[in-house]
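Q: here is the input, now give the coordinates:
(2 chains)
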Protein chains: 2
Amino acid sequence: MRDRTRDGFWNRAEAYGLSHFPRFWRVVMAIPPWRRFCNKCTISRAAERAPSRPYPFSTLEDYTSWRSLTDRTWFSRHLPRKDLSSLPSLKSKSMEALFKVRGECPVLSEDSTVLFMSFAQWFADGFLLTAEDRRKTFTSHQIDLSPVYGLCRSETNALRVKSEARGRKGRLKTETINGEFYAPRLFDETKLVLEDLANPDFDERRAFKAEFASLRRKLTSFSRNRQRLITELGPKPASERAAELAKTTFAFGGERANITPFTAALNTLFLREHNRLAGMLEAANEGWDDERVFQTARNINIVLLIKIVVEEYINHISPYHFQLSADPSVSWRADWNRPNWIPLEFNLLYRWHSMTPDRFKIGNQTVNVKGTLQDNSYLTKRGLAETLVSASHQQSWRLGLFNTADDLLPVELFGIEQSRENHIGSYNDYREAFKYPRVTRFEQITDDQEKIDALRSFYGDVDNIEFIVGLFAEDIAPRAALPPLTGRMVAFDAFSHAFTNPLLSEQVFNERTFSKEGMETIHATHTLEDILNRNLAGAPVAISMTYRQPPAVTV
Amino acid sequence: MRDRTRDGFWNRAEAYGLSHFPRFWRVVMAIPPWRRFCNKCTISRAAERAPSRPYPFSTLEDYTSWRSLTDRTWFSRHLPRKDLSSLPSLKSKSMEALFKVRGECPVLSEDSTVLFMSFAQWFADGFLLTAEDRRKTFTSHQIDLSPVYGLCRSETNALRVKSEARGRKGRLKTETINGEFYAPRLFDETKLVLEDLANPDFDERRAFKAEFASLRRKLTSFSRNRQRLITELGPKPASERAAELAKTTFAFGGERANITPFTAALNTLFLREHNRLAGMLEAANEGWDDERVFQTARNINIVLLIKIVVEEYINHISPYHFQLSADPSVSWRADWNRPNWIPLEFNLLYRWHSMTPDRFKIGNQTVNVKGTLQDNSYLTKRGLAETLVSASHQQSWRLGLFNTADDLLPVELFGIEQSRENHIGSYNDYREAFKYPRVTRFEQITDDQEKIDALRSFYGDVDNIEFIVGLFAEDIAPRAALPPLTGRMVAFDAFSHAFTNPLLSEQVFNERTFSKEGMETIHATHTLEDILNRNLAGAPVAISMTYRQPPAVTV
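A: Just a heads-up that it's a prediction; the model follows:
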């Protein structure tokens, strides 16, 4: 049994109250004014755990300057730089051992599916991607569906149909494969020369279709994957495999959206929803031009994403019985409503690589995860519905130490390296910043003796434990998807960024912005399943971030 | 007597209470907690007159898009676009007649000096400059002293000494003229060829010193002035005059800071203060490098400007007995604390051209204003102190219709044109938006029968009066510097932009950001006079935005 003396009395009391008494919470949720009141209190409490933005520091330098307060190409940071010179070396084998799956078997998540994990990956890539130098970012710091729409206007324009013709207004480009709509493919097949692909220095962006020239900035994952293939298979088979993968790479706004068939499926889902919304808006608003249809569909689509983030994703993460709703008014008068700016710590704590299984089950196939990287043929062969259903039927692994698949160990170390380069403080510093008492014994973090021993032998003192390692060393509470401090920090940053989206603000969240039909769609949407089923020709299917035993017979 | 039935009961009651009972307000100000409380209430009330940002519309288009909510190169706007097709033509002579000085004599301001007017001009150019196309801006939307430091890093770098040598750390470049420090001169005299300057198509930016290449973007006022001279004097004398002016043009961050000797004097004042602060910081902080000294001096200097804006400038504008103070905490919990974004209406209402006299008195000289344009020799010959003292001894003209000097009439019409191009609503629309009842009779705006007749004959209906014209048609209350609606809108935008500056925010406004010495300087500064006197070698002088009869004998 874990030593709970440093959990904090009020933290324990609050967690206990909210994760017990399901009947009481059902009553609260059934009475609209009570529900609204509790929703506002819960969200505000989560968003007030730490001081509000603007923060004095960014990754730029260790003092406050006009530039550090205004140049958003740097990450902000919750805490200032810390001297890390006493930390044990990263190169040490025992560092890797902290992450590596223990024994033969990984621990499966009790209730999270691959759909949950893939959504986290796809969604977070939209607003917290790190730029090459690991101190900067090129995102807008906003939930703006950049994986679908791109990061800037030239990218968005490349992805749009741009036509004033009836039935085409405001649409994103699509391609039909096996009778279903997908994004168009990114590569020009005639430019995919095997000799080029076998050359590690070849820049595959040269093989993009001309219409996607403005997407050229971003193909790091495809590139890394090709380099890996060349190392593992040798140039010839690697170039053949790369050409195969290139044929199913989609022209997405976010290049990392192609990284697995599941992230590609989620991106495809929001792409289809965009075009469905555009059709609805075009039909309802005679005088609207292409631009207005497009922009309004995008506005609605972004709000749908935020609704799913709060009402499906965060509710899945939270161990509480009270189910949150995405009521925009919670932030209208809030003093935590301050300009968005992603902290580097938020970026780092989102490295949930240990949740990724080593094999994906897609339909009746079981595939090594490595083999699915950048390979959307799994998606196009099965179709969108079956792919997302598969993701809902498979448990992810449990987030934590001793549980990362071998292939992902270098990526874990990459995160630690980035954390150290940016002089991120210790686990205990962040406990304190987020209103948990500092721990004084390793036994207060986890009841797993092997983890305790590994942490003690690596760090010596609990005060030395670094940020990410401490986060992932914590035990996960029953009904929760994340360890406590990770959960609290995710909630803080998610709420204080999502609810301050300009589309949810008081003067903007109305029919004038979204149209009557748009508002109705917003109110009627709570889950990915809602969006999927209205974009399917066939019978409705069930998908979920929460794991349930699949029906006895699967297709 | 003006018809006051549409002033609104509460507006009248509030104005009456705050502009009477001086003894009561003196007591309130003498008791610190009362003072703080009233300060917070007054500022918050002013900042809550209209809905808070984010606004749904910008000058981009007439509906809300992700771009209109995020692309800050466009102005935001308080009210949506309005159909203006029924407005009388701009070309009409009676339009100009609304602005032109009536009869022989302009009306002087009762209590505003040329220092006040010049400060308004110099200060506002720092955050609301219009870009060429009249719908966009290239400022940061922040009070960031860009006239001193430039708009971006390359501009700032060109203006800095950048040296780690003792006594030079963190400094801005200077040049000594007649024993006083000024900014360095912008032009390379060897490149000032008379034939070039006589050519209307010649781009004088080619004659900049090489070190100021990054300031090349901006010299529109110098350019316009040269074109005007060529038209008025012919090419030869114009080129000689232009060469003369070029010799006294300073390398400032804001090119419009050179526009009159008074704006140049204010810029010089903050330049000197920067270098004084840098010296202070360098002496107090052994280990600091050039960059840190520079950035910290800039941080302090920006806050000094904000203090002067609130405690000297706004208090001068306000007719109230209660004197406001720049207490940063007023906005820390405020629900009007939302990301800065200058509305076009704020830009338009700041066109106070009618305040500019036709002659400036500088020392014992009286000069036609046109002759002082871009001519800093008036400043360098008299020196900073005498120039600012002169500006404090001369009344500005009173802001309003029938009071603009002939030379500035085209600039007034330019403002109206920009307002119409951007489909800015009517005067009555903005009265309503800022909680004044709509007027129903011309007699409710002013008691000046000639103005009433002119407005009636031009617009026909009070509801047709356009924004700027209505603002400037209003009578000015006793003790006030501005007409009521202008005053209310200036207060709204000034407070909601100044107090949301990141340097005043809760985590940033402290000794860690400004240093101990910096905080002391901030607390000790309330007026331009405070800054001037600590940057003078000689005896202290008195300067003021408020007009007082000058001493019988002037120097």
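Q: how about the contacts made by A:A524?
A: A:D530 (CB atoms under 8 Å, 6 or more residues apart in numbering or on different chains). Every residue, glycine included, has its C-beta placed from N, CA and C.
Q: can you pull the pLDDT of it?
A: On pLDDT, A:A524 comes in at 97.
Q: what's the answer for the one 10 residues further on, then?
A: At A:R534, the predicted lDDT confidence score is 96.
Q: distance of it from A:N315?
A: 21 Å (CB to CB, to the nearest Å).
Q: more neighbours: which of these two?
A: The residue with more neighbours, out of A:R534 and A:N315, is A:N315; 18 against 14, by other CB atoms under 10 Å in any protein chain shown.
Q: residues near the nearest residue to A:I522 once chain neighbours are set aside, how many?
A: What sits nearest to A:I522 in space, not counting adjacent residues and going by CB to CB, 6 or more residues apart in numbering or on different chains, is A:V303, at 5.3 Å. When neighbours are counted by other CB under 10 Å, A:V303 registers 25.
Q: which of the helices or strands spans A:V303?
A: Following DSSP states H and E, one finds A:V303 within helix A:290-308.
Q: so in chain A, which strand runs the longest?
A: The single longest strand within chain A, with elements called by DSSP state E, is strand A:108-113.
Q: all strands for chain A, in order.
A: Using DSSP E, strands in chain A cover A:108-113, A:175-177, A:180-182, A:359-362, A:365-368, A:395-397.
Q: so which of those comes closest to B:I424?
A: With CB to CB as the measure, strand A:180-182 is the member of the strands of chain A nearest B:I424 (43.4 Å).
Q: ok, and what's touching the closest one?
A: A:T174, A:E175, A:T176, A:F250, A:T268, A:L271, A:R272, A:N275, A:L379, A:T380, A:G383, A:L384.
Q: quick check: end-to-end length of stretch A:525-542?
A: 15 Å (CA to CA, to the nearest Å).
Q: just give me the neighbour total for the closest residue in space to A:R359 that isn't next to it in sequence.
A: In this structure, A:R359 finds its nearest non-sequential neighbour in A:T366, 5.2 Å apart by CB to CB, 6+ apart. Residues contacting A:T366 under the criterion other CB under 10 Å number 11.
Q: who does A:T366 bridge with?
A: For A:T366, the beta-bridge partners are A:K361 (DSSP bridges).
Q: and it, how far from chain B?
A: Remark: distance between A:T366 and chain B (CB to the nearest CB, to the nearest Å) = 40 Å.
Q: that residue against A:F360, yeah?
A: Yes. Contact criterion CB atoms under 8 Å: A:T366 and A:F360 qualify, at 7.4 Å.
Q: do stretch A:125-140 and chain B come into contact?
A: Yes. Residues of stretch A:125-140 contacting chain B under CB under 8 Å from any CB of the partner chain: A:S140.
Q: in that stretch, what counts as buried?
A: By 16 or more other CB atoms under 10 Å in any protein chain shown, the buried positions in stretch A:125-140 come out as A:D125, A:G126, A:F127, A:L128, A:L129, A:T130, A:R134, A:R135, A:K136, A:T137, A:T139, A:S140.
Q: any chance of JSON lines for those residues, columns pLDDT and distance to A:D406?
A: Compiled in JSON lines, these are given as follows (pLDDT from 0 to 100; distance: CB to CB, whole Å):
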{"residue": "A:D125", "pLDDT": "93", "distance to A:D406": "23"}
{"residue": "A:G126", "pLDDT": "93", "distance to A:D406": "28"}
{"residue": "A:F127", "pLDDT": "92", "distance to A:D406": "29"}
{"residue": "A:L128", "pLDDT": "89", "distance to A:D406": "26"}
{"residue": "A:L129", "pLDDT": "88", "distance to A:D406": "25"}
{"residue": "A:T130", "pLDDT": "89", "distance to A:D406": "23"}
{"residue": "A:R134", "pLDDT": "89", "distance to A:D406": "23"}
{"residue": "A:R135", "pLDDT": "93", "distance to A:D406": "29"}
{"residue": "A:K136", "pLDDT": "93", "distance to A:D406": "30"}
{"residue": "A:T137", "pLDDT": "92", "distance to A:D406": "29"}
{"residue": "A:T139", "pLDDT": "90", "distance to A:D406": "30"}
{"residue": "A:S140", "pLDDT": "93", "distance to A:D406": "35"}
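Q: next, format those residues as TSV and append distance to A:G8.
A: Listed next are the buried residues of stretch A:125-140 as TSV, based on distance: CB to CB, whole Å:
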residue	distance to A:G8
A:D125	33
A:G126	33
A:F127	30
A:L128	28
A:L129	34
A:T130	32
A:R134	33
A:R135	33
A:K136	35
A:T137	32
A:T139	34
A:S140	36
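Q: ok, so of those, who is nearest chain B?
A: A:S140 (6.7 Å; CB to the nearest CB).
Q: how close does A:Q395 get to A:S109?
A: According to CB to CB, A:Q395 stands 5 Å off from A:S109.
Q: try A:M280
A: Taken as CB to CB, the span from A:M280 to A:S109 is 37 Å.
Q: more neighbours: which of these two?
A: It is A:S109, of A:M280 and A:S109, that has more neighbours when counted by other CB under 10 Å, with 23 against 19.
Q: quick check: the more buried one touching A:W397?
A: Yes. Between A:S109 and A:W397 there is a contact at 6.2 Å, judged by CB under 8 Å.
Q: fine, thanks again, bye for now.
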